[in-house]
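In: generate coordinates for the sequence data below:
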Amino acid sequence: MHSNTRLSPPALLAGLALVASTLGCNHHYRGKASFTVNETFVQVSTQAELEPNDESASPHFLGVLRHGEMMTVTGNARAGDPATDPFADEFDGFAISLAEPTEIEFRLSFTDVNGELDVWVYDPAIDDIALFFETDFSPESGFFYVDAPVLDFHIIVRAFSGQANYTLDIYARPIPLFASSSDAAGPTSSAAQGSGVRRSPEHSTGAELGSRSGTAELDEPRQRYLGREQVRPAEEEQTFQSGELMILGSNGELVSLPILTVGPGQRVALLE
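Out: Residues are numbered from 1 along each chain as shown. Below you'll find the predicted structure:
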């Protein structure tokens, strides 16, 4: 294992007692802080994605993540509906278990100019997508809290358009002591009630769009990750009226054949 040092508000460090190497450290600033101190994360795993990981029933399990630790996963995603595009790899889902209530920070980096990737968060407590992070930027980054009733979640890389290779870094820290009481109440979306995943507004960078399960433009891809059968419009009823079909007979003369009236899903029947 090695350590990764970041610069963060000192309040976030309460309760952390970490012993880690300083080899291979990198530093960056958190824009919400008026002043910063070093915050060190221990790198507990670096993995390449394992397929299949396209649905909530079959995520790639990354392991258990504890406060002061980080994970990195690399992969490739390609936009499209697998029902119509055999090369589509729209979702890469990664399951993580937590030892206790945790604030998660993520950073999704990709450099391919032809691809646009976003991050979704799935909560098994509600069997649904709890949060969507969607911008036009790389890296895509954000924060959220994971609390009871279930200390498990999926962090999902979704290809919005094109194709791209990516690196996803995931950091874990205690939920801040200054988290507001409204945060403790959890998401306000009716679709997300009962979820242990909630927004982290104190650290919002503008990338976070909040609890949007069921939003019309996201519903079809959301259903694909959840592995639910797509709801198709009812088949439009069609009725063929009676009439005549003129064909050329074996004797070279035109022959008139009557046509039966048929309903939806039935073939047109010709009477001799």
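
In: tell me the domain ranges of this structure?
Out: 2-226, 236-272 (automatic domain parsing).

In: can you pull out the helices in this structure?
Out: For the chain, applying DSSP state H gives helices covering 181-184, 216-226.

In: avg pLDDT for stretch 85-100?
Out: Confidence for stretch 85-100, expressed as mean pLDDT, is 96.

In: buried sites along it?
Out: Neighbour counts over stretch 85-100 (16 or more other Cβ atoms under 10 Å) mark 88-96, 98 as buried. C-beta here means a position set from N, CA and C on the backbone, and glycine is covered the same way.

In: including distance to residue 71, could those go into TSV?
Out: Below are those laid out as TSV (distance: Cβ to Cβ, whole Å):
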residue	distance to residue 71
88	26
89	21
90	22
91	18
92	14
93	14
94	8
95	11
96	7
98	12
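
In: quick one: which of those is nearest residue 117?
Out: residue 92 (9.3 Å; Cβ to Cβ).

In: next up, the contacts around the closest one.
Out: 49, 53-54, 60, 75, 77, 156-157 (Cβ atoms under 8 Å, 6 or more residues apart in numbering).

In: low pLDDT regions in the stretch 151-272 of the chain?
Out: The model of the stretch 151-272 of the chain has pLDDT under 70 over residues 179-193, 201-216, 229-249, 252, 255-272.

In: circling back to that earlier point, got JSON lines for the contacts of residue 92, with distance to residue 138 and neighbour count too?
Out: As requested, these are exported to JSON lines (distance: Cβ to Cβ, whole Å; neighbours: other Cβ atoms under 10 Å):
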{"residue": "49", "distance to residue 138": "18", "neighbour count": "19"}
{"residue": "53", "distance to residue 138": "21", "neighbour count": "20"}
{"residue": "54", "distance to residue 138": "22", "neighbour count": "20"}
{"residue": "60", "distance to residue 138": "21", "neighbour count": "18"}
{"residue": "75", "distance to residue 138": "14", "neighbour count": "22"}
{"residue": "77", "distance to residue 138": "13", "neighbour count": "27"}
{"residue": "156", "distance to residue 138": "17", "neighbour count": "26"}
{"residue": "157", "distance to residue 138": "12", "neighbour count": "27"}
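
In: any chance of those residues in a markdown table, with distance to residue 109 too?
Out: As requested, the contacts of residue 92 are exported to a markdown table (distance: Cβ to Cβ, whole Å):
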| residue | distance to residue 109 |
| --- | --- |
| 49 | 15 |
| 53 | 19 |
| 54 | 21 |
| 60 | 18 |
| 75 | 12 |
| 77 | 13 |
| 156 | 16 |
| 157 | 11 |
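
In: farthest-separated two in these?
Out: Most distant of these, by Cβ to Cβ, are 60 and 77, 12.6 Å apart.

In: filter the buried residues of stretch 85-100 down to the ones in strands?
Out: 91-96, 98 (DSSP state E).

In: just the closest of those residues to residue 166, please.
Out: residue 92 (8.3 Å).

In: buried residues, stretch 137-145. List them.
Out: Neighbour-count burial for stretch 137-145 [16+ other Cβ under 10 Å]: 138-145.

In: report the mean confidence score over that stretch.
Out: On average, stretch 137-145 scores 88.

In: over to stretch 107-114?
Out: Stretch 107-114 comes out at a mean pLDDT of 88.

In: quick one: buried residues of that stretch?
Out: So for stretch 107-114, counting by 16+ other Cβ under 10 Å, buried means 107-110.

In: tell me the one of those nearest residue 223?
Out: Nearest to residue 223 among the buried residues of stretch 107-114, with distances taken as Cβ to Cβ, is residue 108, at 22.6 Å.
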